[in-house]
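# just to be clear, the model below is a prediction. Sequence and coordinates:
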Amino acid sequence: MQIGILETGHAPDALRPDLGDYADLFEGLLSGHDFTFRRYDVEAQEMPASPQDCDGWLITGSRHGAYEDHPWIPPLEAFIRAVREAEVPMVGICFGHQIIAQALGGRVEKFAGGWAVGRQLYDFGGEAVALNAWHQDQVTVAPPGARAVAASAFCENAALLYSDRIWSIQPHPEFDARFIRGLIEHRGGAVPEDRLSAAEAALERPTDSARIADHMAQILKGLRA
């Protein structure tokens, strides 16, 4: 089946030659699940014509805020609502998580608690899951009908389930230790030093990215919520 990757941002220029762009990271994360991929540069206003153009949709992270005034955000929100109406599977990561929530009636804001950077622990129904994060914005009010299926002390709405076909998550299962190290070097200027130091100290600790990738694949295949 074909998955449409809606690129709402791009990796830092300095990281792309060795580590790839965001879409490359997702294709690697979901390898082995019999997917093919088609990319849409949404940030450059390249939008799919229809929710049926692909069998499932994945919305990437972005350096932009979902609440910012960019010409591509309203069409993306309209497309998200069309995907829900068409009952096509959709997954959102970080900005993707936020823009789905905003499009469906939730609220996204800069969190008063500041930044989450590097390895974080999340509660998935009583099970601890470790994933890398890189965000200050988060979903502060979930949309009507959405159910929080993961949380942390820092992020109340860490993963949201809308139906058996739409699921989103705030942290980044596609970011490995090398990518976090690169972000610290190239996009860490706005992040407090203590948070960067804590992220660096945890770089070699394991994460549960493969487990979350399997769950993403199940959602995109329409097999389970």
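Yes, it's here.
# just the helices in this protein please.
With DSSP state H, the ranges of helices along the chain come out as 16-19, 22-29, 73-86, 95-103, 177-187, 193-201, 209-220.
# closest one to residue 151 among these?
Nearest to residue 151, of all the helices of the chain, is helix 95-103, at 13.0 Å by CB to CB. For the C-beta atoms, the positions are set from N, CA and C on the backbone; glycine is no exception.
# could you give the mean pLDDT of the closest one?
For helix 95-103, the mean per-residue pLDDT is 98.
# then that helix to PDB, C-alphas only?
The C-alpha atoms that make up helix 95-103 are tabulated as PDB, following Å, rounded to 0.1, in the frame of the first residue of the first chain:
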ATOM      1  CA  PHE A  95       3.800  19.100  14.400                       C
ATOM      2  CA  GLY A  96       1.600  16.500  12.700                       C
ATOM      3  CA  HIS A  97       0.100  15.600  16.000                       C
ATOM      4  CA  GLN A  98      -0.500  19.200  16.800                       C
ATOM      5  CA  ILE A  99      -2.000  20.200  13.400                       C
ATOM      6  CA  ILE A 100      -4.400  17.300  13.400                       C
ATOM      7  CA  ALA A 101      -5.600  18.400  16.800                       C
ATOM      8  CA  GLN A 102      -6.000  22.000  15.800                       C
ATOM      9  CA  ALA A 103      -7.800  21.100  12.500                       C
END
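# so what touches that helix?
Residues outside helix 95-103 that contact it (CB atoms under 8 Å, 6 or more residues apart in numbering) are 6, 8-9, 58-62, 64, 66-67, 73, 76-78, 80-81, 90, 92, 107-108, 137-139, 142-143, 146, 157, 159-160, 162, 166, 168-170.
# make TSV out of the helices of the chain and add distance to residue 153 and mean neighbour count.
Output for those, formatted as TSV (distance: least, CB to CB, whole Å; neighbours: other CB atoms under 10 Å):
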stretch	distance to residue 153	mean neighbour count
helix 16-19	30	12
helix 22-29	26	21
helix 73-86	29	17
helix 95-103	18	27
helix 177-187	20	18
helix 193-201	14	14
helix 209-220	19	19
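# select only the buried ones of the contacts of helix 95-103 in PyMOL?
In PyMOL syntax, the buried subset of those is picked out as below (16 or more other CB atoms under 10 Å):
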select buried, resi 6+8+9+58+59+60+61+62+64+66+73+76+77+80+90+92+107+108+137+138+139+142+143+146+157+159+160+162+166+168+169+170
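# ok, the residue nearest the centre of the chain - contacts?
Residue closest to the mean C-alpha point of the chain, counted by CA atoms, centre = their mean, is residue 93 at 0.9 Å. Counting by CB under 8 Å, 6+ apart, residue 93 makes contact with 26, 58-61, 168-169, 172-174.
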